[in-house]
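[1] Structure of the sequence below:
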Amino acid sequence: MARSSSESQREVSSAALLDGEATPGFTERPARRFLTWLSVHRFEILIAAVAILPFVVAVVRSIVNGYTPIGDDGLLLLRSRDVFTEFNPLLGTWSSSSIGFGVEINNPGPLLFDLMALPVKLFGSGPGIAIGVAALNAACLLAAAVIAHRVGGRIAFLLILLVGASFAWSMGSELIYDVWQPHSLLFPFFLLIVLAWSIAEGRLKALAWSIAVASLLIQTHLSFAYLAPLIILVGVALYLWSQRAGFAAALRSLNKPVLWSVGVGVVLWAQPLWQQLHGPGESNLDRLIDAASGRYGSMPGFGASLAVRFVGAVIALPPWILRSSFAESIPPVRILDSSGNFLPVAGLPSLFVSTLAVLLMMALLLGSAISLRRLPKSGVLTSAILSASLLLFSVFTIKIMPVGPVDPAHQMRWLWPVGAFVIFSLLLRVFTLPTILRSAPWLVAALVAIVSLANLPMHLVAEGPVAYRDATPSVRSMISQVEKLDNRGVLLFDPSTLRFAEPYSGPLLAALADKGISFVTANEPYVHQLGEGRRYRCVAQWGLPDNPSACGVSNTLSVVSGIEAYAIPDGSERVIFIPGLTPQESLRFANSLKRLEEAGVEFDGYGQPLSVAKGLSEVELRYRELQIQRDRDSVAVFLRPAL
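    Model (predicted):
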């Protein structure tokens, strides 16, 4: 059916307004033009508001519930608070790849801290970091949708909101404001992919923006070091290919965007470059380059077969980016044994199934691209080619990615934004078919509303620091007593008593900094984590710590969790103690233990029953539950004089 002239005029006006281009019909004063813009785009504004509603609801709920960052989130909060202070970070966090390389390296830069600094200073620790991350994620989703509108029109705008809302739904309500890098960078990465698509379609102003977003990603987490530049290069290459008839003119058209991009890059990389040339400590960029070149030895990568299986599990096979995928698609497994040999990986689809699924996905994408060769351009062709490239880049990146010391999921969370864009590309091809194009916006808008509303109730995916959320009451109680550590002089933080991935030390150190209580550390990984300004510098000639008390340090600070928190070491003062069990629970725990011992039950070195006498299963269950609670929620902070 032919469209009326008024419908065509509205679409032209809508595109012009969203692109920021003046048209003869829109030369009114700014206020009137803004009202006209609201009127023209009221449908898009409404659906966009619905799409970001889960971010708003999740943050408000977290603030009402007294959100407290725990574990590594506490360290990220600390460094965000350090911005524009004497401890201003010039680098990112300490990288766990340091363990494999045997040399301390940091993620390249502090842009995430810089972005979080203002909301933290304005709204306080917990609320500020939650507001900052949620605002970043929502802004990236909205920006991606607006860019998609400029490239592919209303249907592209709505589909971007749909797939973005879908993988936010898979993350669950509590991860969309989590500052931990594997979670907080997913929407910025999604935005980078959409920016690359925009570049491929000739929107060259997007190049400088893509450099800005890529800088944030690479500086904050090394897993993007290959992906981000490759995606931008594909966008530029697709643009040049589309302009091959006038290749020289196309190259010239890149001059100004490239100059802007260089300027943006210089500004955003100024702090790491300053640290490299003039800053305190070793030059981090040198160590990163040396690590990449193999100077510190090689770390085993995941290899091609595992890479295909991971990509297949997340992108090519169900449940794709739906609710259960974030928690289940990549199982929490060990990849290497203690000798560095690969272990069988259960819980992933087989190599055969994964290969078939990935090849089928590639065939669908390339098939949609080929079928569009003679149709008007609407961004479908370039999105399909970019998606196919992303599949290849994902396999390549995981293949060479060093196997980390913990389960692999956190190293490849970026697969979800890739999967979201791949699904977007396939849906864009379907919903631009002439037979359904007219009704498509209403259908997609309804799906956006359904998915977004489904993400409003609280849903916790126990990944990263959030996995220890049950310890939050103990963390809050601990940091509420941090004033007890005031007027104790400079504290020497000793991390040797910490358990792996414990949730307490990060928030404690952040609370100390918040109260202006000075602390330093001699532990090299923690120096890289907390900044050179907190290095304990009083070291004897032969590299051994000198007398701390003679160097201005009054007490050594340690944090102990679990059963060890109940015992006070000789010469130490237990300044803060939070028992994981109430007096009544402690009595029930003791009674359960007594009954198991009387029944002749033997225990392993961790206090777990090796066997249970007949008829005592309920006693054993109660004992295990209380033991887990005690070990999780008990924490003590000790001081001992610096001698």
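[2] max-length strand in this protein?
    As assigned by DSSP state E, the longest strand anywhere in the chain is strand 553-561.
[3] Next secondary structure after that strand?
    Next along the chain after strand 553-561, taking DSSP states H and E as the criterion, comes strand 573-578.
[4] Tell me which residues are up against that next one.
    Residues from elsewhere that reach strand 573-578 (C-beta atoms under 8 Å, 6 or more residues apart in numbering): 474, 477-478, 481-482, 484-485, 565, 568, 633-640. From N, CA and C alone the C-beta is placed, and that goes for glycine too.
[5] got the buried residues for it?
    Using 16 or more other C-beta atoms under 10 Å as the test for burial, strand 573-578 gives Val575, Ile576, Phe577, Ile578.
[6] and the end-to-end length of stretch 534-553?
    One end of stretch 534-553 sits 12 Å from the other (C-alpha to C-alpha, to the nearest Å).
[7] Likewise for stretch 517-525?
    21 Å.
[8] chain center to that stretch, what's the gap?
    Centre-to-centre, stretch 517-525 and its host chain are 26 Å apart (C-alpha atoms, centre = their mean, to the nearest Å).
[9] what do you get for stretch 428-438?
    For stretch 428-438, the distance to the chain centre is 34 Å (C-alpha atoms, centre = their mean).
[10] cool, and stretch 382-391?
    So, by C-alpha atoms, centre = their mean, the centroid of stretch 382-391 is 23 Å from its chain's centroid.
[11] Begin at 29 from now on, thanks
    In the new count, where the first residue is 29, that last one comes out as stretch 410-419.
[12] what stretches of the stretch 329-478 of the chain score poorly on pLDDT?
    400-405 (pLDDT under 70).
[13] circling back to that earlier point, out of the buried residues of strand 601-606, the closest to Val581 would be?
    Nearest to Val581 out of the buried residues of strand 601-606 is Val603 (C-beta to C-beta; 16.1 Å).
[14] any idea how far Ser524 is from the closest one?
    Distance, Val603 to Ser524, by C-beta to C-beta, to the nearest Å: 18 Å.
[15] now do Gly94
    31 Å.
[16] follow-up on the earlier one: if we take the buried residues of strand 601-606, which one ends up nearest to Val84?
    For the buried residues of strand 601-606, the residue nearest Val84 by C-beta to C-beta is Ile606; the value is 32.8 Å.
[17] on that earlier part again, would a markdown table of the buried residues of strand 601-606 with pLDDT and distance to Pro147 be doable?
    Compiled in a markdown table, the buried residues of strand 601-606 are given as follows (pLDDT from 0 to 100; distance: C-beta to C-beta, whole Å):
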| residue | pLDDT | distance to Pro147 |
| --- | --- | --- |
| Val603 | 97 | 31 |
| Ile604 | 98 | 28 |
| Phe605 | 97 | 33 |
| Ile606 | 97 | 28 |
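[18] The residues you listed into TSV, with extra columns for distance to Leu345?
    Formatted as TSV, the buried residues of strand 601-606 follow (distance: C-beta to C-beta, whole Å):
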residue	distance to Leu345
Val603	52
Ile604	48
Phe605	49
Ile606	44
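[19] Stretch 303-322 spans what distance, first to last residue?
    Stretch 303-322 end-to-end distance (C-alpha to C-alpha) = 23 Å.
[20] swap that for stretch 112-124, sorry
    End-to-end for stretch 112-124, by C-alpha to C-alpha: 26 Å.
[21] and what of stretch 355-375?
    Its start and end residues considered, stretch 355-375 measures 12 Å (C-alpha to C-alpha).
[22] So for that stretch, what gets flagged as buried?
    Across stretch 355-375, burial judged by 16+ other C-beta under 10 Å covers Ala355, Ser357, Ile358, Ile363, Val373.
[23] repeat for stretch 533-553
    533-542, 545, 547-551.
[24] swap in stretch 157-167?
    Ile157, Ala158, Ile159, Gly160, Val161, Ala162, Ala163, Leu164, Asn165, Ala166.
[25] do the same with stretch 291-302
    Neighbour counts over stretch 291-302 (16+ other C-beta under 10 Å) mark Val292, Leu296, Trp297, Gln299, Pro300 as buried.
[26] So Gly94 and Ser524 - more neighbours on which side?
    Counting neighbours by other C-beta atoms under 10 Å for Gly94 and for Ser524 shows that Gly94 has the greater number, 11 against 6.
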